[in-house]
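[1] The sequence and its predicted three-dimensional model are supplied below.
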Amino acid sequence: MTSSQHDTTELAENELEAFWTVICHHFPQAQTGDLSPWATIKLQQAAEAAIDEWIDNNTPPNGERPAQ
C-alpha cells in the first residue's frame with residue numbers, strides 16, 4: 001500500500017465515522033450499528049474512490065498548495 005493509499009484509507013475511515021455519527025443522531029431508536037460485511041466493503045471503497053476523485057479534481061497535480 002502506498003502512502004497516498006494509506007492516507008485515502010484513513011480519510012475514508014474518518015469520513016465514514018462522521019457519516020455514521022449523523023445517521024445515529026437521526027435514528028436514536030437504533031439498537032445496533034450492524035451493516036453486512038459486503039456493504040461495509042463497498043461503502044469503504046466508494047468513500048475512498050470519492051476522496052481520490054475529489055483530490056484529483058480539486059488539487060494541483062504536483063500536490064503543492066497554490067501561492068497566496
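    Cool, the structure landed.
[2] average model confidence for the strand or helix carrying residue 17?
    Using DSSP states H and E, the element containing residue 17 is helix 3-26. For helix 3-26, mean pLDDT is 90.
[3] now what about that helix, what contacts it?
    Helix 3-26 is contacted from outside by 1, 30, 33, 43, 44, 47, 48, 51, 52, 55, using CB atoms under 8 Å, 6 or more residues apart in numbering. Where C-beta positions appear, they are placed from N, C-alpha and C, glycine not excepted.
[4] Can you say which of the residues you listed are buried?
    Among the contacts of helix 3-26, those classed as buried by 16 or more other CB atoms under 10 Å are 47, 48, 51.
[5] okay, now residue 12: neighbour count?
    Close neighbours of residue 12, defined as other CB atoms under 10 Å, add up to 21.
[6] How about the one 5 residues further on?
    Burial measure for residue 17: 9 neighbouring residues, criterion other CB under 10 Å.
[7] and if you look at residue 60?
    Counted with other CB under 10 Å, residue 60 comes out at 8.
[8] got a pLDDT number for it?
    Residue 60 is assigned 85 on the pLDDT scale.
[9] sorry, back to before: and the buried ones among the contacts of helix 3-26, which is closest to residue 60?
    residue 51 (16.6 Å; CB to CB).
[10] which residues does that closest one contact?
    Residue 51 touches 8, 11, 12, 15, counting by CB under 8 Å, 6+ apart.
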